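In: the sequence isn't on hand, but the structure is:
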């Protein structure tokens, strides 16, 4: 029964008079679903606050609790109120000097628009963990960023180097040598009287962080293109403003993850795309399919050999009408399936693909909003239960067809999930799916806005009695 109640708690059509009894009857997961409803009111939040297992912090941070009702005993509740913009400035200032550095760090991490002097004080906080979080601030002004670039602690500079709001000139300096003067403290020597004799590893961390920042100027990146630490080269591989020589270097990086990222980059050029289609790693070859510039011939060939990512691929979205026609009339069924996922497909091609004999193509075209009720019914007749799930994903699928598919589903049980969640499903079909052995089907049915209020009331009454 709790699976049903969790679904009702997430139902957009939950009537107001059922909120409180549902909060009382349901378990912690039910109250969690209620807590994160988009339409949650202050009155409903007050109902939830009567239960000990509710996420009070989240309710306050989302502005669902008025300032007068925010518990004052917990500094993290006060910080949540500051995050919601309801705490007085005096409270914000008290939090900025709180003895617990975690409170001060949370303040600068979660609250934007801090008074300038408060932000400056947190930047200069004696605890590097607080300064580290201040360096991540999205509204960090340039003068404070310059201060942080000279901070003696490595972790602070690393945090600043990752911040894409850091001025490019500072990023360039951090990329070059970790910043001047050189850092004198790191995690290893933070609590010791004397610092480490060599902070070269920390300086490298700073440089790698700066290299991974998309705002850093390209000059200076060359020395880290072959870095063994693949995170930075992978971030560099995403950039579209680099010289071709950089891309060529990255195409031979020993980490497949870097080459995989590069394979999706639309600016690498056709020769490099073709090179990556022959990469020894299968995931790299597959990533080429997601490149908006991949030649259609290679995309079609790849589709014939591998199962490609779902949804319309970038190259398909960019295809011209003649290219779409060529794909839709291809002898390769996988190519026809590729084009079937494009949402703005010309009507004549939608009609053609709706009659395609291949079941893979049918599954891809079935959710298309351009299909008529008659075409959906014909596809159900032609292909049977294996396409029911795809047909049920079509927003225009009629109630009569949804009822028929739910009745004749056979072993294709996964198709029941989209049927259970479809807003056009008949109420008796939805109610029948509430007893399905698959909890995901039950949740989808209970969360369906078409579930009658009378059914919700009856289910909740039954749960209360049990």
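Out: Noted; the coordinates are in hand. The shown structure was predicted, so the numbers you read here are calculated from the model rather than taken from an experiment. Numbers count the residues shown, from 1 in each chain.
In: buried ones in the helix or strand hosting residue 91?
Out: Under the criterion of DSSP states H and E, residue 91 resides in helix 89-96. Buried residues in helix 89-96, counted by 16 or more other C-beta atoms under 10 Å: 91, 92, 95, 96. Every C-beta, even on glycine, is put in place using the N, C-alpha and C of the backbone.
In: in this structure, which helix or strand is least confident?
Out: helix 296-305 (a mean of 87; mean pLDDT, DSSP states H and E).
In: who's in contact with it?
Out: 273-274, 277, 285-286, 288-289, 308, 313, 315, 319, 323, 326-327, 330, 332, 334-335, 337-338 (C-beta atoms under 8 Å, 6 or more residues apart in numbering).
In: cool, stretch 321-331 as well?
Out: Residues contacting stretch 321-331 (C-beta under 8 Å, 6+ apart): 296, 300, 316, 319, 335-336, 338-340, 342, 345-346, 349, 352-353.
In: just the buried subset of those, written out for PyMOL, thanks.
Out: Of those, the buried ones go into a single PyMOL selection, burial set by 16+ other C-beta under 10 Å:
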select buried, resi 296+300+316+319+335+336+338+339+340+342+345+349+352+353
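In: now, which of the contacts of stretch 321-331 sits nearest residue 180?
Out: Nearest to residue 180 among the contacts of stretch 321-331, counting by C-beta to C-beta, is residue 316 at 49.6 Å.
In: does the closest one count as helix, strand or coil?
Out: helix (DSSP: H, G, I helix; E, B strand; the rest coil).
In: still on that earlier bit, of the contacts of stretch 321-331, which pair is most distant in space?
Out: Largest pairwise distance in the contacts of stretch 321-331, by C-beta to C-beta, is 19.1 Å, between 300 and 346.
In: surely residue 84 and residue 60 touch.
Out: Yes: using C-beta atoms under 8 Å, residue 84 is in contact with residue 60, at 6.2 Å.
In: for these two, indicate the residue with more neighbours.
Out: residue 60 (29 against 20; other C-beta atoms under 10 Å).
In: list the contacts for that one?
Out: Contact partners of residue 60, counting by C-beta under 8 Å, 6+ apart, are 70, 77, 80, 81, 84.
In: ok, for the first one, nearest residue in space, not its chain neighbours?
Out: What it means is residue 70. Closest residue in space to residue 70, ignoring its immediate chain neighbours: residue 81 at 4.8 Å, by C-beta to C-beta, 6 or more residues apart in numbering.
In: so for that neighbour, what's the pLDDT?
Out: Looking at residue 81, its pLDDT is 97.
In: tell me how many other residues surround it.
Out: Quick note: residue 81 (other C-beta under 10 Å) scores 27 neighbours.
In: residue 233: which element?
Out: helix 231-237.
In: name the SS class of the closest residue to residue 450 other than its chain neighbours, please.
Out: Closest residue in space to residue 450, ignoring its immediate chain neighbours: residue 423 at 5.2 Å, by C-beta to C-beta, 6+ apart. Residue 423 falls in the coil class when you classify it by three-state DSSP.
In: please enumerate the helices of the stretch 1-150 of the chain.
Out: 2-9, 19-25, 28-35, 42-48, 56-61, 75-84, 89-96, 101-110, 116-123, 128-134, 142-149 (DSSP state H, counting those that start in this stretch).
In: now swap in the stretch 351-466 of the chain and tell me
Out: Going by DSSP H, counting those that start in this stretch, the stretch 351-466 of the chain shows helices at 359-365, 373-383, 388-392, 399-407, 416-421, 427-433, 439-446, 453-465.
In: show me how far the last one is from its chain's centre.
Out: Relative to its chain's centre, helix 453-465 lies at 35 Å (C-alpha atoms, centre = their mean, to the nearest Å).
In: do stretch 408-422 as well
Out: Relative to its parent chain, stretch 408-422 has a centroid offset of 27 Å by C-alpha atoms, centre = their mean.
In: start to end distance for that stretch?
Out: The first residue of stretch 408-422 is 17 Å away from its last residue (C-alpha to C-alpha, to the nearest Å).
In: list of residues touching that stretch?
Out: The contact list for stretch 408-422 (C-beta under 8 Å, 6+ apart) reads 385-386, 388-389, 392-393, 397, 402, 405-406, 425, 429-430, 433, 436, 438, 440-442, 444-445, 447-448.
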